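Q: Structure for this input, please:
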Amino acid sequence: MSLATQPHAGGGAPELIDFPVPVVPGSPAPALPGSPVPPAHRIYFYSPDEWEVFITEWATGVAVSYRQIKQLGGSGDRGVDVAAFKTDRGLEDAWDCFQAKHYDGSLTVSDAFPEMLKIFHGVVDAFYCLPDRYVFVAPRGCGPTLNRLLSKPTDLRKKFLELLDARGTATRQYDEQALKSIRELAETTDFSIFQSLELNEMLDIHRKTQYFAARFGTALPARPPVEQAPEVPAPSEAIYVRKLVDVYNEQDPASCSDVESVAAHAKHGPHLQRQREAFYSAEALRLYARDSVPDGTYELLQDDVYIGVIDTAEANHSSGLARLRAVLTQSGQLDLGAHTLISMSNLKDRQGICHQLANADKLTWVEVDE
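A: Got it, this is the predicted structure:
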C-alpha cells in the first residue's frame, strides 16, 4: 500500500516507497548456523549494503508500533531514511523519523548537523510537518560530543544555531531566505525530538522479528504448545480428512462411510484422531515458522518432505491404508537435518506435513483404480 503525498512545487521531492521484503535463501540454511560472535560485534563490520538489509529487517519490528512505515528514496531523502506514521495522514500528521545511514565510525556533530538542516528545511519547505522524534541510528552509535548534546536539548539547539550562523559547507546548498526560516523554526523547536537509538535497543527490536535467528545464528525461540484438535474437523481440514475417510471406507465399507462413523469406529477412530493431531502439530509449526524464521523457510521443509515421500506414495500398494502407512514411515526416515526448523520439530510434525500435502491435493491415499 502506498501513501499519496501532495505534489511539491519546489521539485526534488523524495519518493515514498514500500520496504522490500528481505531475500529468502534459495536453499535451507544449516540448523543453528553461525559462530558465537555477538550480534553487536557482527554489525560493526557490516558493509553499507548489509547494513541496509539489516535496516529493512529491523523496520519490520518497528512497524508493529506504527500505522505504517515507509522508506524515502528518489532524488533526496530530506533527512529521512525511515518514516514511521502514527496516523493515515502520513507526513501531514504525527510521525517519527529514523535516520539510519551507515557510517564507518561513531556519529559526530559534523555528521548530524547536515541531516538536522535537511529536516528543518523539509518543514519550512512544507514537505512535511516536524516529526515527534528524529532518531539517529548508526552501527557504531553516536560519539561522546553528540551523545552529550543529545542528552541536553538546550545545548544542542545552541550548537545547531552556532553552526547555522557560521555558514559552513553544509549550509551552502540553501539560500539566505531558507536559512533564515530554518533559524526561526529552530529557535522555537524543542530539540528533545532529536534522539539516538543504541545498537542494543535496535537488537531488542530485531530480536522479535522472524529474521533474528537466521541472521545471527542463534537458537530459535521456544515453540509454544500445540492446540488440541477440535472434536469436529474444521472446514480447513476437509480435503485430507475426506481422503482418510476413503482409507477407512476401503477397509470397512459397512462401518466407515463418513467422519462421524469413522470417529466412532473402535479401530479406525483412534487412528483418525492421531492423524488429525499430527495435522494440527504441523499447522502449529507453520505458524511458529511464520513468526520465527524468514518467509519461505517452512515451505522449503514442506517441499523436501514432499520430494522425500512422493516416490513411496506413487509406488504400488495393496491398499490406501498401506500407502498411507508407508508414506508416514518414509517421512520419519528422511534426512532433513539441513533445515533450520528441524531442531524445533518432531515425528508428529513430519506426519502432519504429509496430511498438509494431502490437503493441498499433492498426496492421495486411495487411488481410483484400487
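
Q: Would you mind giving the secondary structure of K70?
A: Remark: K70 carries the secondary structure label strand [criterion: DSSP: H, G, I helix; E, B strand; the rest coil].

Q: Which strand residues bridge it?
A: Applying DSSP bridges to K70 gives these bridge partners: A83.

Q: Could you list the low-pLDDT ranges of this structure?
A: Regions of the chain meeting the criterion pLDDT under 70 cover residues 1-15, 21-36, 73-77, 369-370.

Q: could you show me where the strands are in it, in order?
A: 15-17, 68-73, 82-85, 95-99, 133-137, 194-197 (DSSP state E).

Q: Helices of this protein, start to end?
A: Listed in chain order, the helices found in the chain under DSSP state H are 39-44, 48-62, 109-124, 144-150, 153-166, 176-187, 199-206, 212-216, 238-251, 259-263, 268-292, 297-314, 320-333, 347-359.

Q: What about F279, how many residues nearby?
A: Using other Cβ atoms under 10 Å, F279 has 27 neighbouring residues. C-beta here means a position set from N, CA and C on the backbone, and glycine is covered the same way.

Q: Tell me who's in contact with it.
A: 229, 237, 240, 352, 355-356, 359 (Cβ atoms under 8 Å, 6 or more residues apart in numbering).

Q: quick one on the thing from earlier: CSV for the strands of the chain, including mean neighbour count?
A: Conversion of the strands of the chain to CSV gives the following (neighbours: other Cβ atoms under 10 Å):
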stretch, mean neighbour count
strand 15-17, 16
strand 68-73, 20
strand 82-85, 23
strand 95-99, 24
strand 133-137, 21
strand 194-197, 20
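
Q: With respect to N346, which of those lies nearest?
A: Distances from N346 to each of those were compared using Cβ to Cβ; the minimum, 36.9 Å, belongs to strand 68-73.

Q: circling back: quick check, nearest of the contacts of F279 to A254?
A: The closest of those to A254 turns out to be Y240 (Cβ to Cβ; 23.5 Å).

Q: is it true that the closest one touches N359?
A: Yes - if you go by Cβ atoms under 8 Å, Y240 and N359 touch, sitting 4.0 Å apart.

Q: What residues of stretch 173-184 count as buried?
A: With burial defined by 16 or more other Cβ atoms under 10 Å, the residues of stretch 173-184 counted as buried are 174, 178-179, 181-182.

Q: Can you add distance to E314 and give those residues back as CSV?
A: As requested, these are arranged in CSV below (distance: Cβ to Cβ, whole Å):
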residue, distance to E314
Y174, 71
A178, 73
L179, 76
S181, 74
I182, 72
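
Q: any idea how this protein splits into domains?
A: Following the assignment in the TED database, the chain carries domains at 39-216, 235-360.

Q: out of the ones you listed, nearest to E367?
A: Taking Cβ to Cβ as the criterion, domain 235-360 is the member of the domains of the chain that comes nearest to E367, at 7.4 Å.

Q: circling back: who's more crowded, Y240 and N359?
A: Under the criterion of other Cβ under 10 Å, the comparison of Y240 against N359 puts Y240 first, with 25 against 20.

Q: can I get the strands of the chain in CSV with distance to A126?
A: Formatted as CSV, these follow (distance: least, Cβ to Cβ, whole Å):
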stretch, distance to A126
strand 15-17, 16
strand 68-73, 16
strand 82-85, 16
strand 95-99, 15
strand 133-137, 18
strand 194-197, 21
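
Q: Of the ones you listed, give the one that comes closest to K267.
A: Shortest distance between K267 and the strands of the chain, using Cβ to Cβ, is found for strand 68-73: 55.3 Å.

Q: do you know how far the residue in the chain sticking out farthest from the centre is from H265?
A: Checked against the mean C-alpha position of the chain, the extreme residue using Cα atoms, centre = their mean is A254, at a distance of 50.9 Å. As for A254, its distance to H265 is 11 Å (criterion: Cβ to Cβ, to the nearest Å).

Q: same deal with L107?
A: Counting by Cβ to Cβ, the gap from L107 to H265 is 70 Å.

Q: More neighbours: these two, which one.
A: For L107 and H265, the more surrounded residue by other Cβ under 10 Å is L107, and the numbers stand at 23 against 17.

Q: hey, what's that one bridged with?
A: C142.

Q: list the contacts for it?
A: L107 makes contact with 136, 138, 140-143, 146, 196 under the criterion Cβ under 8 Å, 6+ apart.

Q: Give me the buried entries from those.
A: By neighbour count, with 16+ other Cβ under 10 Å, the contacts of L107 hold 136, 138, 141-143, 146, 196 as buried.

Q: can I get those residues in JSON lines with distance to H317?
A: Compiled in JSON lines, the buried ones among the contacts of L107 are given as follows (distance: Cβ to Cβ, whole Å):
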{"residue": "F136", "distance to H317": "65"}
{"residue": "A138", "distance to H317": "62"}
{"residue": "G141", "distance to H317": "63"}
{"residue": "C142", "distance to H317": "67"}
{"residue": "G143", "distance to H317": "71"}
{"residue": "L146", "distance to H317": "71"}
{"residue": "S196", "distance to H317": "65"}
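
Q: Name the nearest of those relative to Q210.
A: Each of the buried ones among the contacts of L107 was scored against Q210 by Cβ to Cβ, and A138 proved nearest at 24.4 Å.
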